[in-house]
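Student: structure, please.
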Amino acid sequence: MIVDVVRAVDTDGPEILALRHSAEDWLAERGIIQWRPREITLEQIRAQISRGEFFVARDRVQSRIVGALRLIWSDPVVWPDSDEPAGYVHGLVIDRAFSGTSMGERLLGWALRRSAEEGAQYLRLDCVETNVRLRRYYRDAGFVEVGRRDFGDVVDNGWFSVVLFERSLT
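Tutor: You can find the predicted model right below:
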C-alpha cells in the first residue's frame, strides 16, 4: 500500500476521531490502560488540526486515512525540563485493519525525518508505564527510555504516569 503523510485538514477530524475511538475500544477490551475512552473530543482534534499539529497517512488508492499522529515542537506538560530542540509525537493511531503492516513504524519514520528536517536533536514520545507491550514496541523502534513523569492521582487530573522515550536524530 502506498500512503502519503500530509498535514490534516479540518474535514479529517471525524475520521481521526473514529480511528482514536476504535483504538480506545480495542485497548479497553484487552484491559490495556493507555487512553481513557472518549477523553478526546472532536473539538480538541479540530483545534490541534487548526494549529497544524495533526498529520495523516492517507491511502493513495482509496484516499482514506489509515493512520494519524500529532507532531509538536514543544511539550512542557510532559517534558517540562527539556530545552533541546525536539519533535514530540502524541496520539499515534493506526486503523486496526492495517495492524501488522508496519504502518506505525512508517509513521514514526516519517516523524523522525520531519523532526530532523526541522533541526530537532530528538524525537520524543511517551506511553503509560503499565503498557508493557507498547514500551517494547517503542524500544524495538529504536527509542530509549529516558525517564518517567508522574501526574499524580488519576482521579484528580485524569492522567496516568508515563515513561518518557527519545530517539537521537544526530
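Student: rest of the way, CA atoms for contacts and neighbours
Tutor: Fine.
Student: what about Ile72, how many residues nearby?
Tutor: Ile72 is flanked by 18 other residues according to other Cα atoms under 10 Å.
Student: go through this protein and flag its longest helix.
Tutor: Secondary structure of the chain per DSSP state H: the longest helix is helix 13-29.
Student: buried residues, that helix. List them.
Tutor: 13, 15-17, 19-25, 27 (16 or more other Cα atoms under 10 Å).
Student: for stretch 24-43, same thing?
Tutor: Neighbour count says stretch 24-43 has 24-25, 27, 32-35, 37 buried, by 16+ other Cα under 10 Å.
Student: can you map out the helices along the protein?
Tutor: Ranges of helices in the chain, per DSSP H, are 13-29, 42-50, 103-117, 132-140, 154-157.
Student: please name whichever of those helices is nearest to Leu69.
Tutor: helix 103-117 (7.8 Å; Cα to Cα).
Student: for the closest one, buried residues please.
Tutor: 103-104, 107-108, 111-112, 115-116.
Student: ok, stretch 66-77 next?
Tutor: 66-75.
Student: ends of it, what's the gap?
Tutor: End-to-end distance for stretch 66-77, by Cα to Cα, to the nearest Å: 28 Å.
Student: rounded mean pLDDT for that stretch, please.
Tutor: When pLDDT is averaged over stretch 66-77, the result is 94.
Student: what's the spacing between it and its chain's center?
Tutor: Relative to its chain's centre, stretch 66-77 lies at 6 Å (Cα atoms, centre = their mean, to the nearest Å).
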